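Below are the sequence and a predicted model for it; my questions follow.
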Amino acid sequence: MNSNPTPQDWSDLLANLEVQGLRRSFRILESGQGTYINVAGRMLMNLASNDYLGLAAHPCIVQAVKEAVDRWGWGAGASRLVSGTMRIHADLESRLATFKGAEAALVCPTGYQANLAAIRGLAGRGDVIFLDKLNHASIIDASLARGPARLEAPVVRVFPHRDYRRLERLLDKAKGTRRRIIVTDSIFSMDGDFADLSMLVELKSRYDALLIVDEAHATGVWGEHGRGLAEAMDVTEKIDVAVGTLSKALGGLGGFIAASREIIDWLVNTARPFIYTTALPPAACAAAMAALDLVEREPGRRLGLIRMAAWFREQVAGGLGLDIAGSCSQIIPIIVGPVDRTVELSRALEEAGFLVPAIRPPTVPKGKSRLRISLCADHQQTDLARLLDVLGTVCRKR
Ligand SMILES: *Cc1c(COP(=O)(O)O)cnc(C)c1O
């Protein structure tokens, strides 16, 4: 069987997705981001966004963007190494390095590309990459990708989610390889649970490995200054490479890598996903810096969000007795299981005015379809209490 479809197969393939309840399509918003959004003329409470601090439409950021467009224009015009690096890119990079407690930082057009650049730039032939089974798709894609010469591909070993004993056995078997690279999400995007960064730091020193931590969901939210889960777990300096995004809690677009000066310089010179793409528009850099200002100036946003998330998890798990997997964060899944039941629940919630997405394979494993609630600092507790009422009703009913 040839698994590579010919063009006339596309409609069959789509029909097949449809039958399995896995065909997806866009939901078009008629409004900007916020805790309430206009979807096809109806206002829905938005529990489906990564805009955790409510910055995507924040007036300070909008103002910073307008000023930056006036000063720098819109486009960056070229890739970073050609003529796309403006003063504002350099300013954002030094700001991010300071924020992350690193020597240097490198901005990429998205967080997806930041993972591609970091992993493909650092791992090559003779190296072994160790991945948590539930790592984000961008980490998987980065690790499995082949460079121009197929021989450059590193070996990839996947360990079960948070099974660090298994990781240790894999590391032990890989002694003597050129370089060992452990990559993990800090907060897992579909389960909302934490990697044990202290354990990973210990393993990486014991086995002389490099540790890359993707802080996409933690940046701006977790840690005393909002620097990420590594800050909250007090292991910031022990992490070799931190990846983050400007697109979630920071409310805009872009990704970054923070590491030693040498690692960053190496990536600038070799990481194809960084080199062969146009620089981020200067106004996006301005937006990110305005967001970092807000993170610094208004710690109440993240502290309130963390407190509200703890209360909400307790209500869903303890109060309603629903399965929230191992969530410890503002990402709160409700594990349902079958695809059709999950889609049905998501529709019922939408009927009742709440946008709560159904997350299905291939994003999550088969049989683990779920509703995924993400909270925002601007959500009101009274609104969440209404959601809990509706959840209680629809999740109990068959
Ligand atoms: C969203 C996400 C990314 C990608 O970031 P973008 O800026 O949206 O491209 C990378 N890693 C993780 C863990 C994510 O959740």
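Nice, I can see it.

what's the burial count for the residue of the chain found nearest the ligand?
Taking C-beta to the nearest ligand atom, the ligand has its nearest neighbour within the chain at residue 111, 2.3 Å off. C-beta here means a position set from N, CA and C on the backbone, and glycine is covered the same way. Using other C-beta atoms under 10 Å, residue 111 has 25 neighbouring residues.

got it, and residue 260?
By the measure other C-beta under 10 Å, the count of residues near residue 260 is 13.

What lies in contact with stretch 224-231?
99-101, 186-187, 194-195, 197, 213, 215, 218-220, 222-223, 232, 236, 238-239, 242, 244, 249, 295-296, 299, 302 (C-beta atoms under 8 Å, 6 or more residues apart in numbering).

the domain parsing of this structure - what is it?
Annotated domains of the chain cover 25-52+299-397, 59-296 [automatic domain parsing].

and the first one, what's its mean pLDDT?
In this case it means domain 25-52+299-397. Confidence for domain 25-52+299-397, expressed as mean pLDDT, is 96.

Mind checking if that domain is in reach of the ligand?
No - using C-beta under 6 Å from any ligand atom, we find that domain 25-52+299-397 stays clear of the ligand, coming within 6.7 Å at best.

Report the distance from that domain to the chain centre.
17 Å (C-alpha atoms, centre = their mean, to the nearest Å).

What pLDDT is listed against residue 153?
84.

Is it correct that it is in contact with residue 127?
No - taking contacts as C-beta atoms under 8 Å, residue 153 lies outside contact range of residue 127: 9.4 Å.

Against residue 79, how distant is the nearest residue to residue 252 once chain neighbours are set aside?
Sequence neighbours aside, residue 287 is the residue nearest to residue 252 in space, at 4.1 Å (criterion: C-beta to C-beta, 6 or more residues apart in numbering). Distance, residue 287 to residue 79, by C-beta to C-beta, to the nearest Å: 21 Å.

Who has more neighbours out of these two?
residue 287 (28 against 16).

still on that earlier bit, from the contacts of stretch 224-231, which land in helices?
99, 100, 197, 232, 295, 296, 299, 302 (DSSP state H).

Buried ones only from those, please, as a PyMOL command.
This is how PyMOL selects the buried members of these, with burial counted by 16 or more other C-beta atoms under 10 Å:
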select buried, resi 99+100+197+232+295+302
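
Which members of the ones in helices among the contacts of stretch 224-231 are the farthest-apart pair?
Farthest apart among these by C-beta to C-beta are 197 and 296. That separation is 22.9 Å.

give me the number of residues near residue 224?
11.

excluding its backbone neighbours, what's nearest residue 375?
Per C-beta to C-beta, 6+ apart, closest to residue 375 is residue 330, 4.5 Å.

in a strand, that's where residue 50 is, yeah?
No - per DSSP: H, G, I helix; E, B strand; the rest coil, residue 50 lies outside any strand segment and is coil.

can you tell me how far the residue nearest to it when sequence neighbours are not counted sits from residue 214?
Nearest non-adjacent residue to residue 50, counting by C-beta to C-beta, 6+ apart: residue 248, 3.9 Å away. According to C-beta to C-beta, residue 248 stands 11 Å off from residue 214.

same deal with residue 65?
Noted for residue 65: a distance of 26 Å to residue 214, by C-beta to C-beta.

Then residue 383?
Using C-beta to C-beta, which is the criterion applied here, residue 383 is 31 Å from residue 214.

neighbour count winner among these two?
residue 214 (31 against 16).

re earlier: contacts made by the helix or strand hosting the residue nearest to residue 252 with the rest, please.
Here residue 287 sits within helix 282-297, counting by DSSP states H and E. By C-beta under 8 Å, 6+ apart, the residues outside helix 282-297 that reach it are 53, 55, 58, 60-61, 63-65, 67-69, 71-74, 76, 86, 88-89, 91-92, 95-96, 99, 107, 220, 225-226, 246, 249-254, 301-302.

Go through those and flag which are in helices.
Secondary structure defined by DSSP H assigns 60-61, 63-65, 67-69, 71-72, 88-89, 91-92, 95-96, 99, 301-302 of the contacts of helix 282-297 to helices.

Residue 326 is in contact with residue 187, correct?
No - judged on C-beta under 8 Å, residue 187 makes no contact with residue 326 at a distance of 10.9 Å.

more neighbours, the two?
Between residue 187 and residue 326, counting by other C-beta under 10 Å, residue 187 is the more crowded of the two (24 against 13).
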